[in-house]
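Undergrad: here is a sequence together with a model predicted from it:
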Amino acid sequence: MAANVVIVDGEMIDSLRKAINDCADRGLQHGSKWAAELLSAVSPAKRRARHDLSSVPSTSARNEPTGAFQPPPVSFPPPHPHAPLASAVDSRVSREELELELGEEDTLSAGMANFRCREFARAAHTLKQCSSSRGRFLWLYSQYLVCRRSVLGSCRKMTWPLQASEKAALRDWNKLDSKFEKDASCLTAMLRMYVKVDRSQPSVPVNSNLLGLYETASSLEMKTDPWVLFLRGLLLYRLNRREAAIECALLSLQRYLWNWSAWDLLSSLVNDGEELFSLLPLLPIPSTHPLVHLFQIRTLNALHQPSENELGLCDRLLGPDHFPKSLWIMSLRANVLYHLHDFPAAEQQFEKIFKIDPCRIDDIDVYSNILYVTENRLTLSRLAHEFLALDKDRPEVCCLVGNHYSLRAEHEKAIRYFRRATQLDRTYLSAWTLMGHEYVEMKNSHAAIEAYRRAVDVSRKDYRAWYGLGQAYELLNMHQYALHYYQHATALRPYDIRLWQAQGASYQEMGRLREAIACLKRALLGADANEIAIALKLAKLHSDLDETADAVHYHLRVIDISRAMLKPVAEWARSAMFVARCYYVSEGGDLERARDLLETVAGSNSEDADSAAELLKRVKSTIGRKEGEGGEGEGVKDEFVC
């Protein structure tokens, strides 16, 4: 059951209003947009009451008018002994800092104007003489974006640097478009031109300027400024110093709680669900705070590991006391349903979102994946045409169009759009993975492997790319390699029965039947109660190992489930024949049960009806002989082998 969530109070509303401006003033457009969307989702009555209250001059909360909005008192659980307390830090801007910003107001405005026009080098040059904390942050952040050329101006989408040499390589890479689909070796060459591919090289090219920027950020006097701490954490993340980056992100949140870019950075630093839950007690706010739950849901969605608990949290956060109209939280909920494979409910949630805001592009790629799985061709086609007209240069839209063509089995066109998505954002994981799927459909295993490797290079936390690599190597009959990648995928998603089945199939192809049985039994634990395909595979493996009793057990499971689901006899006739034969040839076999099964099969229209009728005569003869001899007689059974 989902935990309680503290209701939104006046202080949270004030903090969101402040965060909108504070993030925008520092170029964190994604954080500003997030705060604005969340604030607009709060009920209008609460926002109006708080706005009216803030306009009334008052020196103390005790002097508030009787009709003002006053949140009810809440009791927080005790914090972790090592967690920093946000309340212990004075986040107000000092008088000296305000005076500095006032003196640099014109310079900051000019620098920010260049920043908004994406002229980051000019912005850095304009702001280099600033001494206020905001000016120094913008100066450093502009230099960082000169190196990174981030398309979003935040840490949400980590795009690679586009320096002159890489731009030239990218132009050459685009010239090979016509040959892209034809030759897997051509794909390898293009990827190497795209970025020097070396298995010992990190997925993101090493930028020598990052270390200098980090040293500059560390040498600033404002070491406790939350924005500089956030930037230091971002640089440490790019320098692969994960533990130090987590510490900086936590300290930044301790001093400024409502910078969603810092939460997003912290989420990117979490490797698995276990690490997430060990990190939650170290956050500077109680575990019942809405920000903690938003962070938890967002992180588990990114790790593809949400549960029913996260679904309950989304429902509570969408309640009247929190953010009932938040499209962002609705989208989180839709993603949770998608990862839980509840596709009809996820589709309904997205339909609700787009009914409210038909121009929302965020997560349109996830919606397109759902429509692809449910084979909703009409809706997928309509969305592809509408969003292409809306913004054809968003990678999510390219992914949507790629899914549209993939569902129509036009794999070459689908690949063209997925490749376009990777050109717009070379760290767009879904596009690389879906491109690999298309090559698998085209039986081009070598090209699929290269695409999946690009996805793994972008993020090693996504099980889909590892699973895709396993499938590609399985097509090449390289089962040892396939098993290696399936094991990676299973470690990331241990409750996915498809991954255990894939492992079992690889073990079976390698002749390691004991390991195959162990994997399929693990898959059966998490499977639906009416699952029979896995039981049939287990029955066959036990039969191959001459473990007749175990094989009979799984065949009986198939028979019982099939009868309970009123399936035609033809679908379980072979299981019935196997059980009947085993009962007939074994000492102490249940001949009565064998007779009942054989009578059912013999009276059906299955292809085993004649064999069942012949065996039924022998079983009846043996039963009659035993009854005549007092149960001591034996029939001739050596003609049948179980």
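TA: Received it, and whenever you're ready, just let me know what you need. Residues are numbered from 1 along each chain as shown.

Undergrad: contacts, neighbours, all on C-alpha from now
TA: Will do.

Undergrad: what about residue 490, neighbour count?
TA: 20 (other CA atoms under 10 Å).

Undergrad: hang on, isn't it packed against residue 499?
TA: Yes. Using CA atoms under 8 Å as the test, residue 490 is close enough to residue 499 to be in contact (5.8 Å).

Undergrad: next, give phi and psi for residue 262.
TA: Backbone torsions of residue 262, given as degrees, to the nearest 10, read phi -70, psi -40.

Undergrad: which residues touch it?
TA: Taking CA atoms under 8 Å, 6 or more residues apart in numbering, we find residue 262 in contact with 230, 249, 252, 253.

Undergrad: pretty sure the last one is touching residue 259, no?
TA: Yes. In this structure, residue 253 sits in contact with residue 259. The criterion is CA under 8 Å, and the distance is 7.3 Å.

Undergrad: show me what the longest helix along the chain is packed against.
TA: For the chain, the longest helix by residue count, based on DSSP state H, is helix 609-628. Where contact means 3 or more CA pairs under 8 Å, 6 or more residues apart in numbering; DSSP states H and E, helix 609-628 is packed against helix 591-602.

Undergrad: pull the CA atoms of the helix it packs on into PDB?
TA: Extracted in PDB, the C-alpha atoms of helix 591-602 (Å, rounded to 0.1, in the frame of the first residue of the first chain):
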ATOM      1  CA  LEU A 591      -5.000 -46.800 -14.600                       C
ATOM      2  CA  GLU A 592      -8.400 -45.300 -13.700                       C
ATOM      3  CA  ARG A 593      -7.100 -41.800 -14.300                       C
ATOM      4  CA  ALA A 594      -5.400 -43.000 -17.600                       C
ATOM      5  CA  ARG A 595      -8.800 -44.500 -18.800                       C
ATOM      6  CA  ASP A 596     -10.600 -41.300 -18.100                       C
ATOM      7  CA  LEU A 597      -8.100 -39.200 -20.000                       C
ATOM      8  CA  LEU A 598      -8.000 -41.600 -22.900                       C
ATOM      9  CA  GLU A 599     -11.800 -41.700 -23.200                       C
ATOM     10  CA  THR A 600     -11.900 -37.900 -23.400                       C
ATOM     11  CA  VAL A 601      -9.200 -37.800 -26.100                       C
ATOM     12  CA  ALA A 602     -10.700 -40.700 -28.000                       C
END
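
Undergrad: what's the spacing between the longest helix of the chain and its chain's center?
TA: A distance of 57 Å separates the centroid of the chain from that of helix 609-628, by CA atoms, centre = their mean, to the nearest Å.

Undergrad: could you tell me the angle between that helix and helix 591-602?
TA: 150 degrees (axes from the mean of the first three to the mean of the last three CA atoms, to 10 degrees).

Undergrad: so for helix 609-628, what gets flagged as buried?
TA: Buried positions in helix 609-628, judged by neighbour count with 16 or more other CA atoms under 10 Å: 609, 612, 613, 615, 616, 618, 619, 622, 623, 625.

Undergrad: ok, which stretches of the stretch 201-350 of the chain are helices?
TA: 208-219, 226-238, 242-255, 260-269, 273-279, 290-302, 308-317, 327-339, 343-356 (DSSP state H, counting those that start in this stretch).

Undergrad: any chance of those helices in a markdown table, plus distance to residue 403?
TA: Shown next, in a markdown table, are those (distance: least, CA to CA, whole Å):
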| stretch | distance to residue 403 |
| --- | --- |
| helix 208-219 | 37 |
| helix 226-238 | 32 |
| helix 242-255 | 35 |
| helix 260-269 | 26 |
| helix 273-279 | 29 |
| helix 290-302 | 21 |
| helix 308-317 | 26 |
| helix 327-339 | 16 |
| helix 343-356 | 15 |
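
Undergrad: for residue 453, find the nearest of those.
TA: Closest to residue 453 of the helices of the stretch 201-350 of the chain, according to CA to CA: helix 290-302, at 18.8 Å.

Undergrad: which elements pack onto the closest one?
TA: Applying 3+ CA pairs under 8 Å, 6+ apart, one finds that helix 290-302 contacts helix 260-269, helix 273-279, helix 308-317, helix 327-339.

Undergrad: show me the strands in the stretch 1-150 of the chain, by range?
TA: Counting by DSSP state E, counting those that start in this stretch, the stretch 1-150 of the chain forms no strands at all.

Undergrad: what about residue 528, distance to residue 566?
TA: Between residue 528 and residue 566 the computed distance is 17 Å (CA to CA, to the nearest Å).

Undergrad: with residue 438 instead?
TA: Distance, residue 438 to residue 566, by CA to CA: 38 Å.

Undergrad: mind checking which of those two has more residues around it?
TA: Neighbours per residue (other CA under 10 Å) separate residue 438 from residue 566, with residue 438 holding more: 24 against 9.

Undergrad: what about that one, which SS state?
TA: With DSSP: H, G, I helix; E, B strand; the rest coil as the basis, residue 438 sits in helix.

Undergrad: who touches it in this structure?
TA: Residues near residue 438 by CA under 8 Å, 6+ apart: 406, 411, 414, 415, 448.

Undergrad: contacts only, for the first one.
TA: Residue 406 makes contact with 413, 414, 438, according to CA under 8 Å, 6+ apart.

Undergrad: between those, which is nearest residue 16?
TA: Among the contacts of residue 406, residue 414 lies closest to residue 16 (CA to CA), at 41.0 Å.

Undergrad: state the three-state secondary structure for that closest one.
TA: For residue 414, the assignment made with three-state DSSP gives helix.

Undergrad: any idea how far residue 438 is from it?
TA: Distance of residue 414 to residue 438, given as CA to CA: 7 Å.

Undergrad: which stretches of the chain have low pLDDT?
TA: Under the criterion pLDDT under 70, the flagged ranges of the chain are 1-3, 50-93, 147-208, 629-642.

Undergrad: ok, residue 420 - how many residues close by?
TA: 20.

Undergrad: that one reaches residue 395, doesn't it?
TA: Yes. Under the criterion of CA under 8 Å, residue 420 makes contact with residue 395 at 7.4 Å.

Undergrad: quick one: residue 321 and residue 365, what's the gap?
TA: From residue 321 over to residue 365 (counting by CA to CA), the distance is 30 Å.

Undergrad: out of the two, which sits in the busier spot?
TA: Taking other CA under 10 Å, residue 321 and residue 365 do not tie; residue 365 has more neighbours (21 against 16).

Undergrad: ok, that one touching residue 401?
TA: No. Assessed by CA under 8 Å, residue 365 is found out of contact with residue 401, at 9.0 Å.

Undergrad: by contact count, what packs against the helix or strand encompassing residue 481?
TA: Here residue 481 sits within helix 479-492, counting by DSSP states H and E. Contacting helix 479-492 under the criterion 3+ CA pairs under 8 Å, 6+ apart are the following elements: helix 463-475, helix 497-509.

Undergrad: need the residues that contact the last one.
TA: This means helix 497-509. Residues from elsewhere that reach helix 497-509 (CA under 8 Å, 6+ apart): 467, 474, 479-480, 482-483, 486-487, 489-490, 513, 515-520, 522-524, 526-527, 534.

Undergrad: other SSEs contacting the following helix or strand past it?
TA: The C-terminal neighbour of helix 497-509 among helices and strands, as given by DSSP H and E, is helix 513-526. If you count contacts as 3+ CA pairs under 8 Å, 6+ apart, helix 513-526 packs onto helix 497-509, helix 533-544.

Undergrad: need those helices in a markdown table (columns: mean neighbour count and distance to residue 35).
TA: Formatted as a markdown table, the helices and strands packed on helix 513-526 follow (neighbours: other CA atoms under 10 Å; distance: least, CA to CA, whole Å):
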| stretch | mean neighbour count | distance to residue 35 |
| --- | --- | --- |
| helix 497-509 | 22 | 38 |
| helix 533-544 | 19 | 48 |
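
Undergrad: including distance to residue 373, could those go into JSON lines?
TA: Supplementary listing: the helices and strands packed on helix 513-526 in JSON lines, determined by distance: least, CA to CA, whole Å:
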{"stretch": "helix 497-509", "distance to residue 373": "15"}
{"stretch": "helix 533-544", "distance to residue 373": "21"}
